[in-house]
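Peer 1: dropping the sequence and predicted coords here.
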Amino acid sequence: MNKNAIKFVILCMSCLILSPNAASVALVDIGRAFPEQSTGMIALTLTLPFVVIIPFSFVSSAFSNIVKKRTLVLTGLVVISVGGLAPIWTKTFLSLIVARGVLGAGLGIMIPLTSGLIPAFFDGKEADTLFGFQSAATNVGQIIFTLVPGLLVVTGWRNIFWSYALAILVLLVAALKLPEPPRAINEENKRTSLDRGIFVVFVLAILFGLFTFPLFTILASFVTSQHMGNGSTVGMILSAETVIALVTGMLFGKIFVVLKQFTGVLGLASLALGFFLISHANGLPMVFAGAAVSGIGMVLDTVVLVIKASTLAGKAAATMATGLTITCVFLGQFLSPILMPVLVRSLGNTSDRFTFLATAWVFVIGLVLFGILSMFKLNSPAEGHVHG
């Protein structure tokens with residue numbers, strides 16, 4: 001079994017996670033191609049895959065202990081390839097939307113395995129480090145599926161979907177290099193059900209997605225309403241955040257070795273500081289700094305949650321547990337635009353600046369609670385190697 005080849009497959013798969021964002025560069029052109037459709041319907045070409053990901057991720061996670069993991073991966077990649085490339089030849093808006101839904105289904109099948117394969121093949125520090133690189137690869141994919149479609153869109157909006165040819169390459173690599181993971185055979189790892197304690201991790205993952213997603217949903221309106229820039233400016237800010245997140249993912253293994261159970265504390269502190277900087281920003285430098293610091297926190301806490309889920313589940317159920325954790329983050333992000341306005345309205349202020357401030361205080365509260373638990377070793381994600 002070639003472990004380096006397996007790592008390469010996992011990282012290639014991770015590059016596809018944020019691939020639906022490819023449509024973001026062509027929304028205006030798609031609107032012109034289908035003038036009879038409302039702005040909300042046009043936006044579905046971007047948002048629908050992320051919605052469809054959620055139920056299919058739950059199903060894939062649940063079946064990961066029944067169906068062969070390799071089969072799920074290859075099935076997901078085939079569906080991604082079909083759904084990703086199909087819009088090149090679609091003639092109607094309905095067929096375009098159906099294709100985007102198929103893309104989301106394929107991603108939903110695959111995404112739980114991008115994290116779930118790590119504890120299935122690797123243990124200890126090697127697994128922890130790979131979780132960090134997996135997060136970094138996701139950000140590399142974000143760059144690929146923004147930059148390449150941005151270059152292709154000038155030749156016609158349909159051509160942006162050629163970027164999904166990458167999924168075919170990943171499929172070929174996975175078919176050639178990915179074996180079926182060995183089954184856990186010792187007594188400790190025979191169980192494939194989830195302990196009650198892991199559902200706390202799932203709830204935390206939902207809350208994490210809920211409270212971090214405003215960085216992406218309201219940053220544009222904040223920057224423009226404060227006369228700091230336009231959509232291009234927001235793109236540069238989020239690109240900077242992506243680069244910082246990428247570097248943080250690559251360094252996660254080293255950070256985790258040093259900080260151990262306090263890695264999550266640093267992540268929450270980074271999120272609190274980042275959102276405070278944005279909420280008090282009077283110019284672009286503070287917004288850039290806030291987004292960058294927030295990017296550090298997002299990576300650290302996402303990976304800590306996945307490692308904690310893997311540890312609590314045991315090796316046999318780790319794939320299902322880590323897959324469900326990532327799915328819960330997606331669920332929180334989906335709920336964020338719905339629930340966050342309600343929450344801030346209940347506090348009597350609906351401005352974007354106040355939303356960032358209120359969210360920062362949520363992270364401060366989490367920081368205090370998590371810090372206390374970490375000091376008393378009641379919550380120890382740093383011990384979160386998957387024990388084989």
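Peer 2: Arrived safely.
Peer 1: next secondary structure after whichever strand or helix holds Thr322?
Peer 2: Remark: Thr322 resides in helix 318-346, with elements defined by DSSP states H and E. Using DSSP H and E, the next helix or strand after helix 318-346 towards the C-terminus is helix 352-375.
Peer 1: ok, residues contacting that next one?
Peer 2: If you take CB atoms under 8 Å, 6 or more residues apart in numbering as the criterion, helix 352-375 is touched by 211, 214, 218, 221-222, 225-226, 261-262, 264-265, 268-269, 271-276, 278-280, 297, 340, 343-344, 347, 349, 379-380. The C-beta positions use only the backbone N, C-alpha and C, and glycine is treated the same way.
Peer 1: and if you look at stretch 214-225?
Peer 2: Stretch 214-225 has contacts (CB under 8 Å, 6+ apart) with 229-231, 233-234, 237-238, 241, 274-275, 278, 284, 287, 291, 294, 336-337, 340, 352-353, 355-356, 359.
Peer 1: dump the residue contacts of Asp301.
Peer 2: 208, 264, 267-268, 271.
Peer 1: could you dump those residues to a markdown table with neighbour count and pLDDT?
Peer 2: As requested, the contacts of Asp301 are exported to a markdown table (neighbours: other CB atoms under 10 Å; pLDDT from 0 to 100):
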| residue | neighbour count | pLDDT |
| --- | --- | --- |
| Phe208 | 26 | 93 |
| Gly264 | 30 | 90 |
| Gly267 | 28 | 94 |
| Leu268 | 24 | 94 |
| Leu271 | 29 | 96 |
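Peer 1: dump those residues into TSV; add secondary structure and distance to Leu11 as well.
Peer 2: Compiled in TSV, the contacts of Asp301 are given as follows (DSSP: H, G, I helix; E, B strand; the rest coil; distance: CB to CB, whole Å):
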residue	secondary structure	distance to Leu11
Phe208	helix	23
Gly264	helix	23
Gly267	helix	22
Leu268	helix	27
Leu271	helix	25
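Peer 1: ok, the residues you listed vs Leu18, which is closest?
Peer 2: Here the nearest of these to Leu18, counting by CB to CB, is Phe208; it sits at 16.8 Å.
Peer 1: tell me the buried residues in the lowest-mean-pLDDT helix or strand in the chain?
Peer 2: The least trusted helix or strand in the chain, going by mean pLDDT, DSSP states H and E, turns out to be helix 214-217, with a mean of 81. If you call a residue buried by 16 or more other CB atoms under 10 Å, then helix 214-217 has these buried ones: 214-215.
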